[in-house]
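Colleague: quick one: sequence plus predicted model below, questions after.
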Amino acid sequence: MAVTSCVHYTVIERCHSYRYCSSHSVTPIFLSDWLTVERDVNIPSLDWAGTPLHIKANQSVIASYSNYVGFFTYDIKGYYVGTVLLRKIHSSIYYYMSACTGWGINKATNHKELTVQPTEQDGGIWIFSKTDTTLSITYNRVEVLEYSLSESQNKTCLSYWKGVKAVKVASWDTVSSQYCISDKCLFKGELLYATVT
């Protein structure tokens, strides 16, 4: 009869750990699946108010002025709320958030420079997290923006973004290839290993 041991699994380079019981000393585990991005289609099962959106890029945003990461957001009734966009302006990556950084994605002055400029690579991962009061963006686990909506010069910014639930990757997004909607998404090069405890 096989002896079942409680095995402690740790994700390399992550601060989270997970405990499982297994009859094997080492077992590969896929914590969350990466799915192919379908543009202009609601990302299923995503409540953006409570779950980070991971976007895997197939190329760098900074490589071209025509490279974009962008998505539309909707409330619980399906009404459009606003757009979030990353793009190259001059030699830096800028972000746009409807009603907060300005109105109209085609006007450069409505975009703001990311607080930290990431060193991009093909296959990098952007994470977009939103609460009722903040928008947070990270790139390959480095936070590049922590934006407080109350800091916007537009006084309607904070109330405008309350109630956002659904997300669609925009048709003009040229960079996003896959998405994951869990806080347990594995990054490229990350592995799981196990030690019996």
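Modeller: Okay, I see it.
Colleague: spit out the contact partners of the residue nearest to the spatial centre of the chain.
Modeller: The chain has Ile127 as the residue nearest its centroid, 2.3 Å off, counting by Cα atoms, centre = their mean. With contact taken as Cβ atoms under 8 Å, 6 or more residues apart in numbering, Ile127 is in contact with 52-55, 136-139. C-beta coordinates here come from the backbone N, C-alpha and C atoms, glycine included.
Colleague: give me the number of residues near the residue nearest to it when sequence neighbours are not counted?
Modeller: Nearest non-adjacent residue to Ile127, counting by Cβ to Cβ, 6 or more residues apart in numbering: Thr138, 4.5 Å away. Residue neighbour count, defined by other Cβ atoms under 10 Å, stands at 19 for Thr138.
Colleague: what of Thr119?
Modeller: Per other Cβ under 10 Å, the neighbour tally for Thr119 reads 11.
Colleague: likewise Cys157?
Modeller: Neighbour count of Cys157, defined by other Cβ under 10 Å: 20.
Colleague: that one contacts Gly102, doesn't it?
Modeller: No. Assessed by Cβ atoms under 8 Å, Cys157 is found out of contact with Gly102, at 10.1 Å.
Colleague: quick one: mean pLDDT for the helix or strand the residue nearest to Ile127 falls within?
Modeller: Secondary structure from DSSP states H and E places Thr138 in strand 134-139. The predicted model gives strand 134-139 an average pLDDT of 93.
Colleague: who does that strand pair up with?
Modeller: Applying DSSP bridges to the sheet, strand 134-139 is found paired with strand 125-130 (antiparallel), strand 142-148 (antiparallel).
Colleague: so which helix or strand takes in the closest residue to Asp173 other than its chain neighbours?
Modeller: In space, and not counting its chain neighbours, Asp173 is closest to Gly70: 4.8 Å by Cβ to Cβ, 6+ apart. Take DSSP H and E as the rule and Gly70 turns out to sit in strand 68-75.
Colleague: how close does Ile181 sit to Pro44?
Modeller: Counting by Cβ to Cβ, to the nearest Å, the gap from Ile181 to Pro44 is 8 Å.
Colleague: low-confidence stretches in the chain?
Modeller: Along the chain, the model assigns pLDDT under 70 to residues 1-32, 122-123, 183-184, 186-197.
Colleague: now the strands for it?
Modeller: Under the criterion DSSP state E, the chain contains strands at 5-11, 17-22, 35-36, 53-57, 68-75, 80-89, 92-97, 112-113, 125-130, 134-139, 142-148, 164-169, 176-180, 192-196.
Colleague: residues near the closest residue to Ser45 other than its chain neighbours, how many?
Modeller: With sequence-adjacent residues excluded and distances taken as Cβ to Cβ, 6+ apart, Ser45 is closest to Ile181, at 6.5 Å. Using other Cβ under 10 Å, Ile181 has 19 neighbouring residues.
Colleague: isn't Ile181 right up against His54?
Modeller: Yes. Ile181 is within contact range of His54, at 7.1 Å (criterion: Cβ under 8 Å).
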